[in-house]
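Visitor: got a predicted structure plus its sequence, pasted below:
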Amino acid sequence: MDIKLTKEEKIKILNSDDIYGIMQRILLREGKIDQNREHFWVLGLANNNRILFIELISLGTVNETLADPMEVFSFALQKRAVKIVLCHNHPSGELKPSDADKDITDRLIQVGIIVKTEVIDHLIISDESYFSFSNVGLFDELKKSTKYVPKFVLEQRIKKEATKIAEKNKTIEIAKQLKRNGADDEMIAASTGLSIEDVKKLRVRKK
């Protein structure tokens, strides 16, 4: 269900406080009907962080809601959102994320990478306060997870990393050879792209 936004709510998002300010009003508005159930919303943002839409994805039970990836991203793709924020409420008022909250966030982060619609935060809200995965570093931690990364993507990442290491090792060997031939550090740095500090750390026997 697409949430109708007022002119004042169609703002640029600067931080999680901005998101909570809007979502708190929406929660209180919707809570008159289903105040004892979890709501799961998706906020779609334009490239300049202006809100394009807020979509209610699902209504759950007292302590659980479902967030199917297809439902989460279909509206975002239709509206051409370049990034999204996840948001759901805890009717109990307890803002600590559950293992299920972390798991669905992990999964949606990876789906967002595949469909090129970045997930940038997940807020758990109540009538009076909120918890931001991003603010406490939990979001960055989940982004490093490989639990829901497809095997072929993992293989690509490993191959890319191995290529980078091989290229760096080759560059270091070239720099060492230049140093053996008596080239000064500034010329070596300019020729190889290494920093002056890295060049100075190289230990070689000059000819």
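Guide: Nice, thanks for sending it over. Numbers count the residues shown, from 1 in each chain.
Visitor: contacting residues around the residue nearest in space to the middle of the chain?
Guide: Centroid-nearest residue in the chain: residue 120, 3.9 Å away (criterion: C-alpha atoms, centre = their mean). By C-beta atoms under 8 Å, 6 or more residues apart in numbering, the contact set of residue 120 is 45, 83-85, 134, 139. For every residue, glycine as well, the C-beta is placed using N, CA and C.
Visitor: take the residues you listed and keep only those in helices.
Guide: Judged by DSSP state H, the contacts of residue 120 include residue 139 as members of helices.
Visitor: closest to residue 77 out of the contacts of residue 120?
Guide: residue 84 (10.2 Å; C-beta to C-beta).
Visitor: and the closest one, how many neighbours?
Guide: For residue 84, the neighbour count with other C-beta atoms under 10 Å is 27.
Visitor: gap between it and residue 67?
Guide: From residue 84 across to residue 67, the span is 11 Å (C-beta to C-beta, to the nearest Å).
Visitor: how about residue 131?
Guide: Taking C-beta to C-beta, one finds residue 131 at 16 Å from residue 67.
Visitor: other SSEs contacting the lowest-mean-pLDDT helix or strand in the chain?
Guide: The least trusted helix or strand in the chain, going by mean pLDDT, DSSP states H and E, turns out to be helix 16-34, with a mean of 82. Here helix 16-34 touches strand 39-45, strand 51-59, strand 83-89, strand 118-125, strand 130-132, going by 3 or more C-beta pairs under 8 Å, 6 or more residues apart in numbering; DSSP states H and E.
Visitor: do you know how far residue 42 is from residue 201?
Guide: 48 Å.
Visitor: these two - which one has more neighbours?
Guide: Taking neighbours as other C-beta under 10 Å, residue 42 and residue 201 compare with residue 42 leading, 25 against 10.
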